[in-house]
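can't give you the sequence, but here's the structure:
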Ligand SMILES: Nc1nc2c(ncn2[C@@H]2O[C@H](COP(=O)(O)OP(=O)(O)OP(=O)(O)O)[C@@H](O)[C@H]2O)c(=O)[nH]1
Ligand SMILES: [Mg+2]
């Protein structure tokens, strides 16, 4: 199978990038009228390039310092750089700036084209230029890039250049396909009959016609009508290719350069993210707290303020920092970005996303506390997973959100999660949280139960609903984990409606025992017309009459009939016998007839009859009651 690779040009203005792309591919990528008139590249150009078994696609970028934003949008996601240096001029400011941008974007492989060699025929001079650029590349990437002498005008060196590119392409590791689809959009336009077309270098994942994707930050769902890869119709879009998608469901004005098309659940745009920054040495003094910068991420450019920890050292190789974004970005951990100063427009640094944000609990609390610690770049995948989960506190992270946030393909993530699970993370039904959160919640539930037992010594247990409510709003899965821990540790015992401490038994103390006797006596003497709980409570202010009656019910001394009334057990039994006798005699009777025969007002009769119905003593048949299936007393 063919190898695919995206090659991005880089280099100072007028050094011959576009001329070289044309010499290699036959395509003049400077198509804009203004580009032709001014003889410079302004926006990105694209051209396919066949390199034997390697199908390359070239993104041609402008060198003009005023169009760096377009250069970054073109360089993002490319596999290989084609760094163009004019042999007659040598290294110039944007040669250096583009190199820095490639480094910050993680484009570490490439080929140097020493072009315009027809204008610098002096071999010694060319050697000097090659040496200078070679040293800069080695310093930036820790490795040498092949340097090929060419001339776009004379057509020399082109074969050697193609060969060098093909060789570099073949040595690249293949991109994982079991990852989330993410396409930073570098162009969007409407095409009659096809819908909205978006193009970009596909960062990760795959998509096929018919797939449903999401356009962010607009949040619009779209369906893929058709796909082109490297300019040809294709069934699938695969990572590391130039891709054009025809989308249905999104209008042209909902998507532009800077948007991102993503697949699957769990994606959100963030307003705040934590990063690891690397400043260019000469720009380090400009990194001050709250400094306003431009963040170039994917094809997007947004303004942001940099929040630094109090002890930040801007000259360190990795400075932990928080970016407070003025417009949302769709990021994953591990994403690279470039920082440019607000003014003047120069590249000052770049870095790696550590936590793309949207971290729920901690973020919300942190805003109040004003100080959420900014983490350093974790050393391992497992530590990153643990960090992302821990920072979301009791909210934890569901798998889809973790897949997005961690920025790992599924194979890599599975290994990272497995390692994190053996080091203090807990998973329940695809949802991850730290063991500390589970312990903390279990502790709070345990305290709530203790408090309830202390306040309600007469109750058999705490209603499970109020137990859960006592700790506030927590994710159900976290609650389940904590409850399971408490049950497994023998600290809580649940039945259908109540929870209690293992071994808990309701108990009566002095006065309550007396009150029980009093209540029992009044209920007994009231017979089949007992007072309500409220009436009894009014007679005994300050006592837990309701709790006591429920305890007595559990002891079998009294029976609840209706919502707020208890009968003394013997009195209820007598009334029950009366109604059975009556219905045996009458066969069936309306409540009115029963009221007359029993001599009870509706206040007692109706709840009593309903109780009889639920006990199976009586049965409703239309407006009549007949005997039910319960055994006769
Ligand atoms: N003699 C000579 N001239 C060249 C060569 N390559 C490019 N040129 C000339 O250099 C000028 C600039 O070339 P471009 O290809 O537009 O330069 P560029 O790097 O694309 O410039 P920007 O995109 O604006 O940054 C043009 O006039 C080209 O004809 C070469 O190999 N030899
Ligand atoms: Mg050009």
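Sure thing, it's come through. Note that the structure is predicted; figures quoted are calculated from it, not measured. Ligands and ions are numbered 1, 2, ... in the order given.

can you list the low-confidence ranges for the stretch 1-150 of the chain?
The model of the stretch 1-150 of the chain has pLDDT under 70 over residues 1.

up against ligand 2, what does it have?
Contact residues (Cβ under 5 Å from the ion) of the stretch 1-150 of the chain with ligand 2: 17, 18, 41. All C-beta atoms are positioned from the backbone trio N, CA, C, and that covers glycine.

can you give me the strands in the stretch 301-450 of the chain?
In the stretch 301-450 of the chain, the strands defined using DSSP state E, counting those that start in this stretch lie at 319-329, 336-341, 347-355, 397-398, 425-428, 431-434.

between these, which one is closest to ligand 1.
Of all the strands of the stretch 301-450 of the chain, strand 347-355 sits nearest to ligand 1, with 16.0 Å by Cβ to the nearest ligand atom.

show me what the closest one is packed against.
Strand 347-355 sits against helix 93-104, strand 270-279, strand 336-341, helix 381-391, with contacts defined as 3 or more Cβ pairs under 8 Å, 6 or more residues apart in numbering; DSSP states H and E.

from the residues of the stretch 1-150 of the chain next to ligand 2, which is closest to residue 533?
residue 41 (85.5 Å; Cβ to Cβ).

returning to that earlier point: let me have the helices and strands packed on strand 347-355 in a markdown table, extended by distance to residue 314.
As requested, these are exported to a markdown table (distance: least, Cβ to Cβ, whole Å):
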| stretch | distance to residue 314 |
| --- | --- |
| helix 93-104 | 15 |
| strand 270-279 | 5 |
| strand 336-341 | 12 |
| helix 381-391 | 23 |
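
ok, back up a step: columns secondary structure, neighbour count and distance to residue 171 on top of the residues of the stretch 1-150 of the chain next to ligand 2, output as a markdown table?
Putting those into a markdown table (DSSP: H, G, I helix; E, B strand; the rest coil; neighbours: other Cβ atoms under 10 Å; distance: Cβ to Cβ, whole Å) gives the following:
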| residue | secondary structure | neighbour count | distance to residue 171 |
| --- | --- | --- | --- |
| 17 | helix | 31 | 23 |
| 18 | helix | 26 | 27 |
| 41 | coil | 26 | 29 |
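
and the residue nearest the centre of the chain, how far from residue 353?
Central residue of the chain (Cα atoms, centre = their mean): residue 401, 3.2 Å from the mean position. Residue 401 sits 15 Å away from residue 353, going by Cβ to Cβ, to the nearest Å.

and residue 450, by the same measure?
Counting by Cβ to Cβ, the gap from residue 450 to residue 353 is 44 Å.

the more surrounded of those two?
Neighbour count, other Cβ atoms under 10 Å: between residue 450 and residue 353, residue 353 has more, with 24 against 13.

number of nearby residues for the closest residue in space to the more buried one that isn't next to it in sequence?
Leaving aside its sequence neighbours, residue 353 sits nearest to residue 335 (Cβ to Cβ, 6 or more residues apart in numbering; 4.3 Å). Neighbouring residues of residue 335 were enumerated by other Cβ under 10 Å; the total is 23.

doesn't residue 352 make contact with residue 335?
Yes. Using Cβ atoms under 8 Å, residue 335 is in contact with residue 352, at 7.1 Å.

and the pLDDT for the residue in the stretch 151-300 of the chain positioned nearest to ligand 2?
Closest contact between the stretch 151-300 of the chain and ligand 2, by Cβ to the ion, is at residue 152 (11.0 Å). At residue 152, the model reports a pLDDT of 97.

which residues touch it?
Going by Cβ atoms under 8 Å, 6 or more residues apart in numbering, residue 152 touches 16, 19, 20, 22, 23, 115, 116.

so how many other residues sit close to the third one?
A count of nearby residues for residue 20, using other Cβ under 10 Å, gives 25.

next one: the first one
The tally of other residues near residue 16 (other Cβ under 10 Å) stands at 27.

that one touches residue 83, doesn't it?
No. Assessed by Cβ under 8 Å, residue 16 is found out of contact with residue 83, at 11.7 Å.
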